[in-house]
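>>> sequence unknown, structure follows:
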């Protein structure tokens, strides 16, 4: 019996040890515990919306909405919409697909009357079409349209991939779009967006997004209408989003792409085809990937394939040449045919695609011309699209006798490495591109920080060499006059400078690195700074209705001072303000003023970034998370953190188990026992009755 009790105490002790150890770990790793809990709270509603690319069998649902002050009976109703869609949109989709897709448009015959006036959906109070409380107003109009059609439409027809979600829905309103005259701030901008939450439909279906465009703009609005519908197929905007992060007035791919300014070609009636990067998102079947590599045994020079390039509007393929996992070069024949007949020129259009930059999820990819997501490689080498001098011209494209890549118009990776191959264009109307490589495929690879490095005056430049890298040599110079040497030792591989640099200067490292008899040409930008910011995170609480001033630490390395520009980005920028510049020192802070303006509610989380930028486009981000709460900080508030709550619970359970493991108190032999002993019960004899002579009376006889 005593052995069983000891075993139970040992087991309880082990359990206590496990819980108390777990509690200690939870207290020491509160952030890990909180991240884990957040991961467990992810629900299906948080999943990213899947956008279905262009299908062979395209089916669109279109509805016309009007207003009391702009009724469809005034000449802009379903009949006009049917003509516009049939004459312009249908042929565009055919050319976009390579003449494979068919477009079936279901135009609902009933016009939906808006419940409010136009300005109630289009006023710009807190941004484009946004109310003072942050509500995106046109979404209410789209919801009204869905509600009106809810029980009148076979919605399943427009679920193109059988996932119970509607993939194509276009709302045409009977007024002009604000894009025609941005100064009129009570109109609706044409747009694509998601509903705040999916709208339920009959038969278990739902709709998550929509496109809205102007009907009254007429044929000149065709390009904008298609532009917005292509978003439903996964296309991204390539025109620069001119927020404060945009350093120059550059044009992206300009008139060469419908997702840039090409939606306005031909007065908006002849929109351009998408360039290769967007075509890959919309219709990947039209992309032909070409790997330009040769075996190590190949003799130099290496001759690659020659490809006849058909026009994009004539079912021609677009060539994609991968440079590395993030970068590619697209080559396409933009011919004087179909919707491309209104382009600024005709020939082979070459573009450089870089997935390592931009914010794809927020549709902000081409905001920084120094780090473009997609850039046209201009045949005239003028970079007029970057500078904003024009939106495209004939000299941008490659024609007979021109070349690009390793020779001719140079193409370099975001590491400044010259590509090893050269493409040569031949032909007049029917263009052919031929590939070759003087040194075939280099037997080694080199990796540097993307888009240039930022260094302190005395820092060296770390690099990575991979492959056949024994006995490598270099022939490099720096534009500031310093010598540059390749060093390989037990500490790694790096480029060492002959002396310290001048602070706040910009230079390039040029030359070649040679390994195994093969050279890679390098032209690499380097910024020298007094002090370099460190990326970090910042979390705090703010009052949901009153102004709050926060001090955000700006961590950095280096000496002296460094002036940087400051940009607030994301939802945070709608409630926060601060200085546009900061002087970075050893203990710098940034004052962030939070003005709720009716946009915050109790327990709301506000996310955003504070970006520190240089004139050259280098940037560092501080991710900010703010919680709106009116509750004052109490002494016990720290114990409401998830990690501490779990740690406290484990501690209590551990202590409870520990008490079971302790031996019970035993009785001493000298102490009087308090245990009750069984007592012998004494029963008194009952006296017998006698008669007058003393004899016992027999009770049985007395009866």
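Done, it's in. As the structure is a computational prediction, the values presented were derived from the model and not from experiment.
>>> what's near enough to touch residue 611?
Residues near residue 611 by CB atoms under 8 Å, 6 or more residues apart in numbering: 245, 566-569, 619-622. Where C-beta positions appear, they are placed from N, C-alpha and C, glycine not excepted.
>>> now it: which helix or strand?
Using DSSP states H and E, residue 611 falls within strand 605-613.
>>> hmm, back to that, in strands, which of the contacts of residue 611 appear?
In this view, those that belong to strands under DSSP state E are 566-569, 619-622.
>>> quick check: the farthest pair among these?
For the ones in strands among the contacts of residue 611, the maximum inter-member distance is 13.9 Å, found between 568 and 620 (CB to CB).
>>> sheet-wise, list the partners of the strand holding residue 611 with their directions.
When pairs are called by DSSP bridges, strand 605-613 turns out to pair with strand 562-569 (antiparallel), strand 619-628 (antiparallel).
>>> just put the ones in strands among the contacts of residue 611 in TSV and tack on neighbour count and distance to residue 328.
Shown next, in TSV, are the ones in strands among the contacts of residue 611 (neighbours: other CB atoms under 10 Å; distance: CB to CB, whole Å):
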residue	neighbour count	distance to residue 328
566	18	33
567	18	29
568	21	33
569	19	27
619	19	24
620	20	27
621	17	26
622	21	31
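>>> surely residue 91 is within a strand?
No. Counting by DSSP: H, G, I helix; E, B strand; the rest coil, residue 91 falls outside a strand, being helix.
>>> ok, now which ones touch it?
338-339.
>>> pLDDT at it, what is it?
You'll see residue 91 listed with a pLDDT of 98.
>>> repeat that for residue 702.
Listed pLDDT for residue 702 reads 42.
>>> please renumber so the chain begins at 298
Taking 298 as the first residue, the last one we looked at is residue 999.
>>> residues of the strand holding residue 908 that come out buried?
Under the neighbour-count criterion of 16 or more other CB atoms under 10 Å, strand 902-910 has 903, 905-910 buried.
>>> need the max-distance pair from the residues you listed.
Every pair of those checked by CB to CB; the farthest is 903 and 910, at 21.7 Å.
>>> quick check, nearest of the buried residues of strand 902-910 to residue 424?
The closest of the buried residues of strand 902-910 to residue 424 turns out to be residue 905 (CB to CB; 14.6 Å).
>>> quickly list what that closest one is bridged to.
Beta-bridge partners recorded for residue 905 (DSSP bridges): residue 921.
>>> and for residue 599?
In beta-bridge terms (that is, DSSP bridges), residue 599 pairs with residue 734.
>>> give the contact list for it.
Per CB under 8 Å, 6+ apart, neighbours of residue 599: 591, 733-734, 737-738.
>>> any figure for the gap between it and residue 716?
Per CB to CB, to the nearest Å, residue 599 is found 13 Å from residue 716.
>>> one more: residue 845?
In terms of CB to CB, residue 845 sits 51 Å off from residue 716.
>>> of the two, which one has the most company?
Legend: neighbour count by other CB atoms under 10 Å for residue 845 and residue 716, higher for residue 716 (22 against 19).
>>> is the more buried one in contact with residue 619, as I believe?
No. In terms of CB atoms under 8 Å, residue 716 does not count as a neighbour of residue 619; the distance is 10.7 Å.
>>> what's near enough to touch the residue nearest to residue 646 when sequence neighbours are not counted?
Nearest non-adjacent residue to residue 646, counting by CB to CB, 6 or more residues apart in numbering: residue 631, 4.8 Å away. Applying CB under 8 Å, 6+ apart to residue 631 gives the contacts 553, 570, 608-609, 637, 640, 642-646, 694.
>>> give me that answer again for 6 Å
Going by CB atoms under 6 Å, 6 or more residues apart in numbering, residue 631 touches 637, 640, 643, 646.
>>> helices of the stretch 448-597 of the chain, start to end?
519-528, 573-579 (DSSP state H, counting those that start in this stretch).
>>> in a markdown table, list those along with mean pLDDT and distance to residue 369.
Output for the helices of the stretch 448-597 of the chain, formatted as a markdown table (pLDDT from 0 to 100; distance: least, CB to CB, whole Å):
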| stretch | mean pLDDT | distance to residue 369 |
| --- | --- | --- |
| helix 519-528 | 98 | 17 |
| helix 573-579 | 98 | 31 |
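>>> buried ones in stretch 725-745?
728, 730, 732-734, 736-737, 739, 741, 743, 745.
>>> out of the buried residues of strand 902-910, who's nearest residue 549?
Once CB to CB is applied, the member of the buried residues of strand 902-910 that ends up nearest residue 549 is residue 910, at 19.4 Å.
>>> what helices and strands are in contact with whichever strand or helix holds residue 730?
Assessed by DSSP H and E, residue 730 sits inside strand 728-734. Packed against strand 728-734, as judged by 3 or more CB pairs under 6 Å, 6 or more residues apart in numbering; DSSP states H and E, are the following elements: strand 599-606, strand 719-723.
>>> could you redo the last one with a cut-off of 7 Å?
Packed against strand 728-734, as judged by 3 or more CB pairs under 7 Å, 6 or more residues apart in numbering; DSSP states H and E, are the following elements: strand 599-606, strand 644-651, strand 719-723.
>>> quickly list what residue 758 is bridged to.
In beta-bridge terms (that is, DSSP bridges), residue 758 pairs with residue 792.
>>> got the contact list for it?
Contacts of residue 758 were listed using CB atoms under 7 Å, 6 or more residues apart in numbering, and they are 750, 752, 791-792, 823.
>>> and it, how close does it get to residue 812?
17 Å.
>>> in which helix or strand does residue 949 reside?
Going by DSSP H and E, residue 949 is in helix 939-958.
>>> adding distance to residue 784, write the strands paired with strand 902-910 out as a markdown table.
Formatted as a markdown table, these follow (distance: least, CB to CB, whole Å):
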| stretch | distance to residue 784 |
| --- | --- |
| strand 859-866 | 28 |
| strand 916-925 | 27 |
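>>> nearest to residue 563, of the ones you listed?
Judging these by CB to CB, what sits closest to residue 563 is strand 859-866, at 35.2 Å.
>>> helix or strand right after that closest one?
strand 873-874.
>>> direction included, what does that next one pair against?
strand 885-891 (antiparallel).
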